[in-house]
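1. fold the following for me, if possible:
(one chain, ligands or ions: 1)
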Amino acid sequence: MTQLQKEAIWTSKWRCPSNIALVKYWGKRDFQKPMNQSLSFVLQNSFTETSVDLYLGGDQKVEFYFEGLPSTFNERIENYLAQVAIRMHWIEKYNFRIHSRNSFPHSAGIASSASSFGALALCLAELHFAISGKAPDTPKLWRKASELARLGSGSACRSIYPGFSIWGNAQLFESCSDDYAIPLYEGISPLFYSLRDAILIVDPGIKEVSSSRGHSLMNEHIYQPSRIAQAHQNINELYLALLTGNKENFIAVVESEALSLHALMMTSNPSYLLLKPNTLELISRIRKFREMAQIPVCFTLDAGPNIHLLYFKKNEPEVKAFIESELLGFCENQHWIDDCIGKGPERILNIGDINQKDNHLNLKP
Ligand code: PMV
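-> Sure thing, here's the model as predicted:
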């Protein structure tokens with residue numbers, strides 16, 4: 001049966017943002033469970049859009065298209081669907097055609113697995129409720145999507161909610177879980193909903209170490225117990241800073257977490273050094289600017305050399321001038337991405353109803 005002859009029985013389409021961790025998830029337990037808690041916020045402009053069409057019949061389980069072209073990800077998606085099928089048996093009955101595209105360039109050095117698995121999981125969660133004839137309320141749909149996203153990429157489970165979210169068992173709230181992330185709404189100081197993120201691309205190349213390899217190095221890491229304790233303490237301190245609007249403590253925790261992640265990589269066996277000379281130059285300029293201009297800016301890092309420069313909307317003119325005059329010279333081809341805290345996923349196509357109203361999930365306050 002050719003692709004064009006097949007008629008989709010069910011279709012779902014979602015847009016899901018990427019997220020940046022402030023307290024980092026590094027190391028796994030069991031299957032896709034975190035060694036420590038993490039806390040992140042979703043971005044607004046860096047997202048993936050994915051559509052899933054379900055068919056009966058046909059000879060291929062998954063056809064996966066990335067930006068319109070057949071992609072080599074088929075096997076990863078098939079393995080992922082096999083995991084999901086353990087929890088949702090209807091997966092076995094259908095074949096899948098999946099189209100996906102990113103808002104950010106492939107070579108931007110932004111990890112796309114969080115937004116990709118987030119978008120795919122939202123489609124699967126929505127299809128799950130539709131096929132089983134249940135009409136879930138939004139929190140149920142999100143929780144299901146967060147759990148499914150986690151099976152594909154741990155950090156993806158934090159991409160499902162507007163604003164900030166937390167993943168991993170923590171004493172902070174009873175509802176915290178290793179299985180899915182939960183949103184953090186209550187009491188966050190409005191200041192932090194004005195966060196902006198300038199992603200400074202030092203090196204857009206492919207990651208030197210995959211995140212699964214990196215996580216596995218934590219199993220035998222000499223600093224494993226102290227890292228777990230540190231993450232625990234940093235979650236508490238960061239949450240308190242978010243509640244009280246304490247910028248100084250926010251900055252202290254965020255930078256300490258970024259450098260701790262890289263310190264763990266540098267001291268693992270084998271060891272990885274992913275920071276580049278330009279990363280260090282940017283860090284030292286950001287710190288100097290903070291001190292000299294007395295403007296609250298800080299940096300965080302993913303498992304790579306690119307800098308996420310965090311600042312507040314109020315300081316946008318000064319910080320953008322600083323980026324242009326002092327930082328772009330250290331970015332590959334002067335490349336940076338202008339992003340900010342986001343409103344969360346958006347449904348692009350309602351199942352059985354193409355009316356699109358109230359698509360944005362609410363960002364509080
Ligand atoms: O979701 P993964 O398996 O790609 O791991 C992501 C790990 C970090 O990005 C380094 C940290 C985090 O919490 O997002």
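2. for this protein, give me the ranges with low pLDDT.
-> In the predicted model, the chain carries pLDDT under 70 at residues 1-6, 107-109, 350-365.
3. can you rerun that using 80?
-> The model of the chain has pLDDT under 80 over residues 1-7, 57-59, 105-111, 170-173, 206-208, 349-365.
4. how is it partitioned into domains?
-> As given by automatic domain parsing, the domain ranges for the chain are 10-188+351-358, 190-340.
5. end-to-end on the shortest one?
-> Criterion C-alpha to C-alpha, to the nearest Å; first-to-last residue distance in domain 190-340 is 14 Å.
6. any bit of that domain sitting next to the ligand?
-> Yes: if you take C-beta under 6 Å from any ligand atom as the test, domain 190-340 does meet the ligand, through 211, 261, 302-303. C-beta here means a position set from N, CA and C on the backbone, and glycine is covered the same way.
7. a helix runs through C340, doesn't it?
-> No: with DSSP: H, G, I helix; E, B strand; the rest coil as the criterion, C340 is strand rather than part of a helix.
8. circling back to that earlier point, what's the closest of the residues of domain 190-340 next to the ligand to A145?
-> Closest to A145 out of the residues of domain 190-340 next to the ligand is S211 (20.5 Å), distances taken as C-beta to C-beta.
9. what is the burial count for the closest residue to the ligand within the stretch 51-200 of the chain?
-> Taking C-beta to the nearest ligand atom as the measure, the stretch 51-200 of the chain has S155 as its residue closest to the ligand, at 3.2 Å. Burial measure for S155: 27 neighbouring residues, criterion other C-beta atoms under 10 Å.
10. one step back: out of the domains of the chain, deepest packed?
-> domain 10-188+351-358 (a mean of 20; mean count of other C-beta atoms under 10 Å).
11. follow-up on the earlier one: and the residue of the stretch 51-200 of the chain closest to the ligand, helix, strand or coil?
-> Per three-state DSSP, S155 ends up helix.
12. quick check: it vs N315, distance?
-> For S155, the distance to N315 (C-beta to C-beta, to the nearest Å) stands at 28 Å.
13. same question for L217.
-> For L217 relative to N315 (C-beta to C-beta), the value is 37 Å.
14. can you dump the C-alpha atoms of stretch 63-75 in PDB for me?
-> The C-alpha trace of stretch 63-75 is given here as PDB (Å, rounded to 0.1, in the frame of the first residue of the first chain):
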ATOM      1  CA  GLU A  63       7.300   6.100   8.600                       C
ATOM      2  CA  PHE A  64       9.100   9.100  10.100                       C
ATOM      3  CA  TYR A  65       9.700  12.300   8.200                       C
ATOM      4  CA  PHE A  66      11.900  15.100   9.500                       C
ATOM      5  CA  GLU A  67      11.300  18.400   7.800                       C
ATOM      6  CA  GLY A  68       9.500  16.700   4.900                       C
ATOM      7  CA  LEU A  69      12.200  14.100   4.200                       C
ATOM      8  CA  PRO A  70      12.300  10.400   5.200                       C
ATOM      9  CA  SER A  71      14.600  10.200   8.300                       C
ATOM     10  CA  THR A  72      17.000   7.800   9.800                       C
ATOM     11  CA  PHE A  73      15.300   8.000  13.200                       C
ATOM     12  CA  ASN A  74      12.800   5.200  12.300                       C
ATOM     13  CA  GLU A  75      14.600   2.700  14.500                       C
END
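15. run the chain-centre distance for that stretch.
-> 21 Å (C-alpha atoms, centre = their mean, to the nearest Å).
16. residues in contact with that stretch: which ones?
-> Contacts to stretch 63-75, defined as C-beta atoms under 8 Å, 6 or more residues apart in numbering, come from residues 3, 62, 77, 95-102.
17. farthest-separated two in the residues you listed?
-> Longest span within those, C-beta to C-beta: N95 and N102, 24.2 Å.
18. quick one: which of the residues of domain 190-340 next to the ligand is nearest to F31?
-> Closest to F31 out of the residues of domain 190-340 next to the ligand is S211 (15.2 Å), distances taken as C-beta to C-beta.
19. wait, what's in contact with the closest one?
-> Residues in contact with S211 (C-beta under 8 Å, 6+ apart) are 111, 113, 153, 303.
20. what's the closest residue to the third one other than its chain neighbours in contact with, if anything?
-> Pointing back at S153 there. Once flanking residues are discounted, S153 sits nearest to S113: 3.9 Å by C-beta to C-beta, 6 or more residues apart in numbering. Contact analysis of S113 by C-beta under 8 Å, 6+ apart lists 152-153, 155-156, 211.
21. list just the nearest of those residues to S268.
-> Nearest to S268 among the contacts of S113, with distances taken as C-beta to C-beta, is S211, at 13.0 Å.
22. hey, where'd the strands end up in the stretch 101-250 of the chain?
-> 164-167, 181-184, 195-200 (DSSP state E, counting those that start in this stretch).
23. redo those strands as TSV? Include distance to P70.
-> Compiled in TSV, the strands of the stretch 101-250 of the chain are given as follows (distance: least, C-beta to C-beta, whole Å):
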stretch	distance to P70
strand 164-167	33
strand 181-184	32
strand 195-200	29
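24. so Y161 touches L39, yeah?
-> No: counting by C-beta atoms under 8 Å, Y161 does not reach L39; the two are 11.8 Å apart.
25. what about the residue nearest to P162 when sequence neighbours are not counted, neighbour count?
-> Spatial nearest neighbour of P162, excluding adjacent residues (C-beta to C-beta, 6+ apart): G344 at 3.3 Å. The number of residues packed near G344 is 24, by other C-beta under 10 Å.
26. many thanks, I have nothing further to ask.
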